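Peer 1: Below: sequence and its predicted model.
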Amino acid sequence: MELTATTTIRRPAAQVYAFWRELENLPTFMAHLEQVRTTGDRTSHWVADAPFGKTVAWDAEITEEAPGEKVAWRSVGNADVPNTGSVRFSPAPDGVSTEVHVTLTYDIPGGAIGKAVAKYFGEEPHQQLDDDLRRLKQVLETGEVVRSDGAPWGKRARQEFPQRPAQPLSDAELAKGADA
């Protein structure tokens, strides 16, 4: 599966790059990441949430880097979720902001069945990436991920209020609404 997403952040490219390159920062805005630990100059260990309360882990290495402009990586060894990716940071036309372009490619455990199951349980990968970039923008522009009163605990709220696909009202719910 290949995912792409872009956002514009009202901060200079060097600042956005520096925040991303400090890999331990990634779980602050990537909802499914539990931990990223730097293990060397260009290597790291990642732990992420997976459907059904499971976690997946992998080691990664940076394969290409242009400070302030780009970082690319790939998983190494026996990764639970083999993946590659890159992030490009380019000045936006306004001369102040940075366009962040993310490309991720990974193998979903279980193939097409795994993808369908994850989507059913509210784990659609394209939406996850868009949401992650929205939170990155919030962190860099406001200093925090903005949370509503309905979900003040962020990631913890997933267990309290799990997402589910939209469903039509049942006959009983329709009848109850007509009585009101």
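Peer 2: Done, it's in.

Peer 1: contacts and neighbour counts: CA atoms only from here.
Peer 2: OK.

Peer 1: mind checking pLDDT for the closest residue to L104 other than its chain neighbours?
Peer 2: Distances taken as C-alpha to C-alpha, 6 or more residues apart in numbering put G85 closest to L104, at 4.3 Å, once the chain neighbours are dropped. With respect to pLDDT, G85 has a value of 95.

Peer 1: Which elements pack onto the longest helix belonging to the chain?
Peer 2: Looking across the chain with DSSP state H, the single longest helix is helix 125-142. Secondary-structure packing of helix 125-142 (3 or more C-alpha pairs under 8 Å, 6 or more residues apart in numbering; DSSP states H and E): strand 2-9.

Peer 1: circling back to that earlier point, need phi/psi at the residue nearest to L104.
Peer 2: phi -170, psi 170 (degrees, to the nearest 10).

Peer 1: count of residues packed around it?
Peer 2: Per other C-alpha atoms under 10 Å, the neighbour tally for G85 reads 19.

Peer 1: try the one 4 residues further on
Peer 2: Neighbourhood size, F89 [other C-alpha under 10 Å]: 26.

Peer 1: so who does it touch?
Peer 2: A13, V16, Y17, G68, E69, K70, T98, E99, V100, H101 (C-alpha atoms under 8 Å, 6 or more residues apart in numbering).

Peer 1: Could you tell me the model confidence score at it?
Peer 2: For F89, pLDDT reads 98.

Peer 1: any idea which element it lies in?
Peer 2: For F89, the enclosing helix or strand under DSSP states H and E is strand 83-91.

Peer 1: Tell me the helix or strand right after that strand.
Peer 2: strand 98-106.

Peer 1: So what touches that next one?
Peer 2: In contact with strand 98-106 (C-alpha under 8 Å, 6+ apart) are residues 1-13, 16, 81-92.

Peer 1: Thank you kindly, that will do.
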